[in-house]
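K.L.:
let me see the structure of the following:
(one chain, ligands or ions: 2)
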Amino acid sequence: MAEPSKPEKSSTGGWRVTSATFERSADKLGAAPPGDLPEIAVTGRSNVGKSSLLNAFAGQRALARVSSTPGRTQLLNFFRTTLRHPRHGDLALRWVDLPGYGYAAAPHAVRASFGPMIEGYLRKREALKGLVLLIDARREVSEYDHALLEFMADRALWTVVAVTKADKLSKSERGLVTAGIARALQLPRGQVLVTSATSGLGFTDGGLAEALARRLRADSEPDAGDGAEET
Ligand SMILES: Nc1nc2c(ncn2[C@@H]2O[C@H](COP(=O)(O)OP(=O)(O)OP(=O)(O)O)[C@@H](O)[C@H]2O)c(=O)[nH]1
Ligand SMILES: [Mg+2]
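P.N.:
Ligands and ions are numbered 1, 2, ... in the order given. Below is the predicted model:
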């Protein structure tokens with residue numbers, strides 16, 4: 001069970017999640033909530049730790065269902081979420097938990113298994129502002145991971161990679177694994193975050209919360225986004 005138990009890092013006052021509530025599941029884009037908030041979609045292969053990451057990030061034990069049986073969620077799950085910074089105030093967003101993808105790695109299987117629901121969402125959802133792609137620290141990058149990044153690049157949408165389950169690696173292994181994943185995906189090292197839902201690593205203080213806040217603020221206030229330090 002992945003809960004924030006032994007904190008490796010405690011926030012020193014930057015961006016953090018102050019509230020997250022489940023809003024709705026949708027089996028197609030037409031059943032999604034109105035696109036009145038910016039959305040960040042979260043995906044990765046089944047069992048990568050999507051639900052655990054949301055629970056740890058939001059500081060709630062049972063917001064999203066954690067399961068040892070991969071691939072059970074087949075819906076788009078919408079969570080209304082607030083990020084807060086002591087000086088910059090609140091940012092509201094929807095966190096959208098996409099179904100995990102399977103283990104078939106062949107490119108044609110990849111595209112086929114994208115499914116009309118996920119593809120329709122990623123292709124057409126105007127509220128979508130970015131994607132958090134989760135990659136298990138102990139697994140190889142898959143064809144599907146590559147396909148998703150290409151898909152997002154074609155739409156010119158921002159993506160950040162979160163390496164999950166970093167508690168299973170030593171501190172020195174974390175650096176090597178992260179650099180290897182960045183290389184494999186041809187991403188700058190700074191676009192790959194190291195996280196652990198178990199220890200709470202990688203959410204605050206330069207982690208996921210700040211990456212999301214920068215992305216959202218870059219949209220609403222062009223001068224506030226990428227570049228400046230936001231702590
Ligand atoms: N050690 C460790 N285990 C984790 C971590 N995150 C998730 N797990 C475990 O990995 C398994 C899968 O976690 P989930 O959060 O359900 O994964 P998911 O990606 O939501 O899975 P699906 O919804 O089935 O695709 C569970 O047994 C979790 O306890 C982590 O940071 N560290
Ligand atoms: Mg899940």
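K.L.:
please make it C-alpha for all contacts and neighbour counts, starting now.
P.N.:
Noted.
K.L.:
Asp205 reaches Thr195, doesn't it?
P.N.:
No - using C-alpha atoms under 8 Å, Asp205 makes no contact with Thr195, being 12.0 Å away.
K.L.:
the more surrounded of the two?
P.N.:
A count of neighbours by other C-alpha atoms under 10 Å puts Thr195 above the other of Asp205 and Thr195, at 27 against 20.
K.L.:
roughly how far does Leu218 sit from Val163?
P.N.:
Leu isn't right for residue 218; it's Ala. As judged by C-alpha to C-alpha, to the nearest Å, Ala218 and Val163 stand 24 Å apart.
K.L.:
Three-state assignment for Ile181, please.
P.N.:
Following DSSP: H, G, I helix; E, B strand; the rest coil, Ile181 is assigned to helix.
K.L.:
how many neighbours does it have?
P.N.:
For Ile181, using other C-alpha under 10 Å, the count is 20.
K.L.:
go ahead and confirm it touches Ser142.
P.N.:
No - with contact defined as C-alpha under 8 Å, Ile181 does not count as touching Ser142 (10.6 Å).
K.L.:
mind checking which helix or strand the most centrally placed residue in the chain is in?
P.N.:
Nearest residue to the geometric centre of the chain (C-alpha atoms, centre = their mean): Val132, 3.0 Å. Assigned by DSSP states H and E, Val132 belongs to strand 128-136.
K.L.:
does ligand 1 have contacts with stretch 46-61?
P.N.:
Yes - using C-alpha under 6 Å from any ligand atom, stretch 46-61 reaches ligand 1 at Ser46, Asn47, Val48, Gly49, Lys50, Ser51, Ser52.
K.L.:
what mean pLDDT does that stretch get?
P.N.:
Stretch 46-61 carries an average pLDDT of 92.
K.L.:
hang on, Asp90 in a helix?
P.N.:
No - counting by three-state DSSP, one finds Asp90 to be strand, located in no helix.
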